[in-house]
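Colleague: Predicted model follows, preceded by the sequence.
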Amino acid sequence: MQSGLYVSLSSQMALEKRLNTIADNMANVNTTGFRATEVKFDEMVANTKNKLNTKVAFVSQGNDYLNEGNGELQHTGNMLDFAIKGDAWFALDTPAGRVLTRDGRFTIKDTGELVSIRGYPVLDAGGAPIQLNTKGGEPAVGTDGIIYQADRQVASLGLFEADISKGYLRYENSGIMTTDQPRAVVDRFNIGVEQGYLENSNVNAMREITQLIEVNRAFESVSSLMRDSEDSFKEAVQTLGGSR
């Protein structure tokens, strides 16, 4: 009987984690370049057995992973807005270290440095900050990320990839810091840059709302089961104790 309570408790903890990820996804449904968080749950079988000599299965707390689907591209016409086609990331130099992002809202400082909307330097494929000519006119960027000013190549946008399954941490808005060392993407025909576009969040609001309803129902069901189990346990104790 107590095993049932423990299983129910593990289910509630898992549902709470999924509820938190849904709330975070919904809060970032309009965040440029944001990739939704998903949770994978595994079954854990306890080493001990109950009185019926059967193993007890618990729900793990779940492991986070990023939904790698691309968001829709939105045309802005801004020459300093960029979107990535394919599975790659821009890289920023931040106080916390190198951060990957798909938020391509960039600006040029008075010094000519290309920076993110938060003021972090944008890196080229070699990991160096991108420097432009402040008097060279508007930059033109090809699908390969090469930056031209006045028809002259002056720099190139770095595109990076990393094995996110090895672990990551969120960094502001749509940024992530990966456990795996990011690597520059070179000569990949299926990855490119679109100038004048931004990538919308890949969060599917309707899907998240549907899952929110399902999680709430499951949480209520588990809570009801725990109350019933607790009442049955109390009745059993009272009966064995001779108080009834």
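Modeller: Here it is on my side, so go on. Model, not experiment: these values are computed from the prediction.

Colleague: Can you read off the pLDDT for Gly137?
Modeller: At Gly137, the model reports a pLDDT of 88.

Colleague: That one sits in which helix or strand?
Modeller: Element membership for Gly137, per DSSP states H and E: none, as it lies in no helix or strand.

Colleague: I'd guessed it sits against Tyr148; true?
Modeller: No. The pair Gly137 and Tyr148 fails to qualify as a contact (C-beta atoms under 8 Å) at a distance of 9.6 Å. From N, CA and C alone the C-beta is placed, and that goes for glycine too.

Colleague: more crowded one of the two?
Modeller: Shown here are Gly137 and Tyr148; by other C-beta atoms under 10 Å, Tyr148 has more neighbours (17 against 13).

Colleague: per-residue confidence averaged over stretch 199-212?
Modeller: On average, the pLDDT along stretch 199-212 is 92.

Colleague: Now do the domain split for this protein, please.
Modeller: 1-67+205-242, 72-200 (the TED database).

Colleague: Next, work out how far apart Gly142 and His75 are.
Modeller: From Gly142 across to His75, the span is 17 Å (C-beta to C-beta, to the nearest Å).

Colleague: Compare neighbour counts for the two and give me the winner.
Modeller: Gly142 (14 against 11).

Colleague: Assign the closest residue to Gln211 other than its chain neighbours to one of the three secondary structure states.
Modeller: Excluding its sequence neighbours, the residue lying closest to Gln211 (C-beta to C-beta, 6 or more residues apart in numbering) is Ile22, at 5.8 Å. At Ile22, secondary structure determined by DSSP: H, G, I helix; E, B strand; the rest coil is helix.

Colleague: and Ile22, how many neighbours does it have?
Modeller: 23.

Colleague: Thr210 is in contact with that one, correct?
Modeller: No. Taking contacts as C-beta under 8 Å, Ile22 lies outside contact range of Thr210: 10.0 Å.

Colleague: Tell me the confidence at the residue nearest to Gln211?
Modeller: pLDDT, read off for Ile22, is 90.

Colleague: Now do the same contact list for it.
Modeller: Counting by C-beta atoms under 8 Å, 6 or more residues apart in numbering, Ile22 makes contact with 208, 211-212, 215.

Colleague: for those residues, which one is nearest Ser116?
Modeller: The shortest approach to Ser116 among the contacts of Ile22 belongs to Glu208, at 26.5 Å (C-beta to C-beta).

Colleague: Am I right that Pro129 is in contact with Val122?
Modeller: Yes. Between Pro129 and Val122 there is a contact under C-beta under 8 Å: 7.1 Å.

Colleague: Surely Ile176 and Phe160 touch.
Modeller: No. If you go by C-beta under 8 Å, Ile176 and Phe160 don't touch, sitting 11.1 Å apart.

Colleague: Show me the common contact partners of these two, please.
Modeller: Contacts common to Ile176 and Phe160, judged by C-beta under 8 Å, 6+ apart, are 89, 100.

Colleague: Could you measure from the residue nearest to Gly196 when sequence neighbours are not counted over to Thr101?
Modeller: Using C-beta to C-beta, 6+ apart and skipping the chain neighbours, the partner closest in space to Gly196 is Gly77 (5.3 Å). Gly77 is 21 Å from Thr101, where distance means C-beta to C-beta.

Colleague: check contacts around Ala91.
Modeller: 98-101, 122-123, 127, 158, 160, 182.

Colleague: Apply 10 Å and report the result again.
Modeller: Neighbour list for Ala91: 98-101, 120-125, 127, 157-160, 162, 175, 182, 184 [criterion: C-beta atoms under 10 Å, 6 or more residues apart in numbering].
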